[in-house]
Structure formats: structure tokens, C-alpha cells
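J.: Quick one: sequence plus predicted model below, questions after.
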Amino acid sequence: MGTNPKTTLYVGGLEENVTEAVLHAAFIPFGDIKDVTTPLDQGTQKHRGFGFVTYLDKEDAAAAMDNMHNAELYGRVLTVNYAQPIKIKGGEQGWAAQPVWADADTWFERQQQEEEMQRLQAEHQAAVEAAAAEEEKRKADQENEDEIIEIEDEKDPMAKAEAEALAQKEL
């Protein structure tokens with residue numbers, strides 16, 4: 001993209017079959033073109049639906065914008081505006097409108113929150129595991145108690161007789 005935003009136009013709404021040559025041919029009637037670019041998607045290697053046309057004169061760019069905005073190309077309506085200057089990415093908000101260290105406080109707070117969440121998750125997991133172990137122990141103790149009662153019943157003839165009598169009454 002050119003350094004003078006008044007000579008570089010953003011052209012949006014491009015159909016996927018539009019090439020830089022087609023874009024050049026569509027915009028050449030308005031003046032001498034310095035450059036035409038259509039940024040590519042790294043994954044598909046196709047343009048991303050927009051491009052930039054840079055004219056030698058700002059009057060030619062203005063004429064192209066006036067005539068091509070909302071015009072149709074390959075069945076799609078174009079959006080044509082002056083291009084915005086290139087911004088350097090960075091910072092919390094995506095653009096470097098502030099120094100990199102301005103985000104240090106929010107980054108530190110996020111780190112503390114993440115550590116707290118991890119600590120709470122670890123405590124929760126430990127509590128769940130302890131509860132599961134306690135339940136297993138309770139079940140094992142109950143089974144042992146039932147076995148002890150059965151063994152005691154077998155040793156005690158009176159208890160055995162009572163159990164048989166109760167079984168007879170139920171029938």
C-alpha cells in the first residue's frame with residue numbers, strides 16, 4: 001500500500017475470481033495506476049475479498065472512488081474508500097496506540113486470575129477424589145460389617161434359630 005492515503009483506494013467486496021489484472025483493468029479508465037494488490041489468505045492462497053489500488057495522482061484516485069463505489073464487478077457490489085494507513089500490530093487492543101509495557105498490569109492481573117483458577121480447580125479435584133475414596137471406604141466397611149454379622153450369626157445358634165423362624169413366618 002502506498003504512503004499517501006489519498007492516492008491509495010481500498011476496494012472491498014471482490015468476487016473470488018477477480019485477479020489483480022482484472023482490478024487493474026476496471027480502475028485504469030480513471031488515471032495512471034502505480035500499484036494493484038490483493039492480499040492473499042495464507043491458508044487458501046486466494047485473495048481475501050479486498051484489494052488496494054494506488055494511483056499516481058490523488059485526483060485520479062478521487063475520480064475512481066466517486067465512480068466505482070457501489071459499482072458492480074463480477075456480480076458483486078464494490079466498496080471503494082480511501083485506504084487507511086498501515087498500522088503496526090501489538091498491544092492488548094490489537095494496535096500499537098500505546099507502548100507495549102502499558103499492557104503489563106492487565107497481563108499480570110490475568111496471570112493471577114489464571115493461577116487462582118488453577119488452584120481452585122486443583123482443590124475441587126482433590127475434594128472430588130477424597131469424596132470418592134471416602135465412599136469406597138464406607139462401602140468396604142459396610143461389606144466387612146455385613147460379613148462379620150453373618151459370621152457371628154453362624155456361630156450363635158440362637159441367632160441362627162431366630163433367623164430361621166423369621167424366614168418361616170415370611171413364607
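T.: Yep, it's here. Numbering: from 1, shown residues only.
J.: helix or strand for residue 67, which one?
T.: For residue 67, the element it lies in under DSSP states H and E is helix 58-68.
J.: correction: residue 129
T.: Going by DSSP H and E, residue 129 is in helix 104-155.
J.: Just want the angle from the helix or strand following that helix to helix 104-155.
T.: Toward the C-terminus, helix 104-155 is succeeded by helix 157-170 as the next helix or strand (DSSP H and E). Relative orientation of helix 157-170 and helix 104-155, computed by axes from the mean of the first three to the mean of the last three C-alpha atoms, to 10 degrees: 100 degrees.
J.: CA atoms only: put helix 157-170 into PDB for me.
T.: What follows is helix 157-170, C-alpha atoms only, in PDB (Å, rounded to 0.1, in the frame of the first residue of the first chain):
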ATOM      1  CA  PRO A 157     -27.200 -71.000  67.500                       C
ATOM      2  CA  MET A 158     -29.900 -68.800  69.000                       C
ATOM      3  CA  ALA A 159     -29.400 -66.100  66.300                       C
ATOM      4  CA  LYS A 160     -29.500 -68.900  63.700                       C
ATOM      5  CA  ALA A 161     -32.700 -70.300  65.100                       C
ATOM      6  CA  GLU A 162     -34.300 -66.800  65.200                       C
ATOM      7  CA  ALA A 163     -33.300 -66.200  61.600                       C
ATOM      8  CA  GLU A 164     -34.900 -69.500  60.500                       C
ATOM      9  CA  ALA A 165     -38.100 -68.700  62.500                       C
ATOM     10  CA  LEU A 166     -38.400 -65.300  60.800                       C
ATOM     11  CA  ALA A 167     -37.800 -66.900  57.400                       C
ATOM     12  CA  GLN A 168     -40.600 -69.400  58.200                       C
ATOM     13  CA  LYS A 169     -43.000 -66.700  59.200                       C
ATOM     14  CA  GLU A 170     -42.400 -64.800  56.000                       C
END
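J.: for that helix, packing partners?
T.: Packing partners of helix 157-170 (3 or more C-beta pairs under 8 Å, 6 or more residues apart in numbering; DSSP states H and E): helix 104-155. Yep, even glycine has a C-beta here, placed from its N, CA and C like the rest.
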